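> Predicted model follows, preceded by the sequence.
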Amino acid sequence: MRVLIVEDNEELARLVVGGLAKAGHPAEHAATAAEARHMLAVDTYDAVILDLGLPDADGLVIVREMRARQDPTAILVLTARAGVDDRVEGLRCGADDYLVKPFAFEELVARLEALSRRPRAMQGQVLSIANLSFDTAGRQAFVDEVPHVLSARELAVLEMLMRRKGRVVPKKLVEDQLFGAGGDLSSNAVEVYVHRLRKQLAERGALVTIHTVRGVGYMIAEAK
């Protein structure tokens, strides 16, 4: 799962992001409602872990906004508001689950993984561009609806690019997602996987181009 953490406690957010990465779920962090709105507008996530006591808005506002625009992303509220009325309000606003702080990290991961198995969390998970599509749930790439085998890291690169199609994906982000933050890797490790992915897609007739933006990162776009 790819997760957005909306939490103003920087230390807690750092621990959750790190823990989720170790559990195999890459995560990004927004510290305010404004940051969360921006990240949700420009990117796609499998789940959102949402604190309610944000400095610039009540987290329930984010829940209502997402559901009002029919965003099916799974939402797990993570908050210190422990009252029954608080939990009921959060769930009725559109949250899929509600976990009270303090919490056991293992339970947080288990609840996220349970959400990923629900039908709502599986909606909108086929990414597409030109004749190339990627089923993020089944981890399968298709060209002209024909399935093709790619390695796990090639699929990870493809997913990052397709989720941000038409926008540059920073090389550092690709490195962190593939090898973990601070991982020991050669200077051209990312280039190797991007090169392999380009070759595989070209051989299979995918009508897309992976552009290298020197000094910045990579971008996938429909071939012209």
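The structure has been received and is ready for your questions. Numbers count the residues shown, from 1 in each chain.
> Strands of the protein, residue ranges please.
Counting by DSSP state E, the chain has strands at residues 3-6, 27-30, 47-50, 74-79, 97-100, 126-129, 132-135, 140-143, 146-148, 169-170, 208-213, 217-222.
> Domain boundaries for the chain, per the record?
What automatic domain parsing lists as the domains of the chain is 3-120, 126-222.
> Quick one: end-to-end distance for the shortest one.
The reference is to domain 126-222. End-to-end distance of domain 126-222 (CA to CA, to the nearest Å): 17 Å.
> average pLDDT for that domain?
Summarised as a single mean, pLDDT over domain 126-222 is 87.
> now stretch 38-45
Averaged over stretch 38-45, pLDDT sits at 83.
> and what of stretch 64-76?
Mean predicted lDDT for stretch 64-76 stands at 87.
> Centre of the chain to it, how far?
15 Å (CA atoms, centre = their mean, to the nearest Å).
> First-to-last residue distance for that stretch?
End-to-end distance for stretch 64-76: 13 Å, by CA to CA.
> and that stretch, which residues are buried?
Neighbour counts using 16 or more other CB atoms under 10 Å place 65, 66, 71, 72, 73, 74, 75, 76 of stretch 64-76 among the buried residues. In short, each C-beta sits where N, CA and C put it, glycine included.
> same deal with stretch 210-223?
210, 217, 218, 219, 220.
> and these as a markdown table, adding distance to residue 128?
Output for the buried residues of stretch 210-223, formatted as a markdown table (distance: CB to CB, whole Å):
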| residue | distance to residue 128 |
| --- | --- |
| 210 | 16 |
| 217 | 21 |
| 218 | 18 |
| 219 | 16 |
| 220 | 11 |
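> Tell me the one among these nearest to residue 129.
Taking CB to CB as the measure, residue 129 sits nearest to residue 220 out of these, at 6.5 Å.
> Give me the helices and strands touching the longest helix seen in the chain, please.
Longest helix of the chain, by residue count under DSSP state H: helix 189-203. Packed against helix 189-203, as judged by 3 or more CB pairs under 8 Å, 6 or more residues apart in numbering; DSSP states H and E, are the following elements: helix 152-163, helix 171-179, strand 208-213.
> Other residues contacting the last one?
Taking contacts as CB atoms under 8 Å, 6 or more residues apart in numbering, the residues outside strand 208-213 that touch it are 129-130, 132, 161, 168, 194, 197-198, 201, 218-224.
> I'd like to know which of those residues is nearest to residue 34.
residue 168 (22.4 Å).
> and the closest one, how many residues sit next to it?
16 (other CB atoms under 10 Å).
> contacting residues around it?
For residue 168, the contacting residues are 213, 216, 217, 218, 219, by CB under 8 Å, 6+ apart.
> which residues does the residue lying closest to residue 172 once chain neighbours are set aside bridge with?
Using CB to CB, 6 or more residues apart in numbering and skipping residues adjacent in sequence, the residue nearest residue 172 is residue 217, 7.8 Å away. Counting by DSSP bridges, residue 217 forms beta bridges with residue 170, residue 213.
> correct me, but residue 217 touches residue 170?
Yes: with contact defined as CB atoms under 8 Å, residue 217 reaches residue 170; the gap is 4.3 Å.
> before we move on, the earlier item: reformat the buried residues of stretch 64-76 into TSV and put distance to residue 147 next to each item.
Below are the buried residues of stretch 64-76 laid out as TSV (distance: CB to CB, whole Å):
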residue	distance to residue 147
65	36
66	32
71	28
72	24
73	26
74	26
75	31
76	32
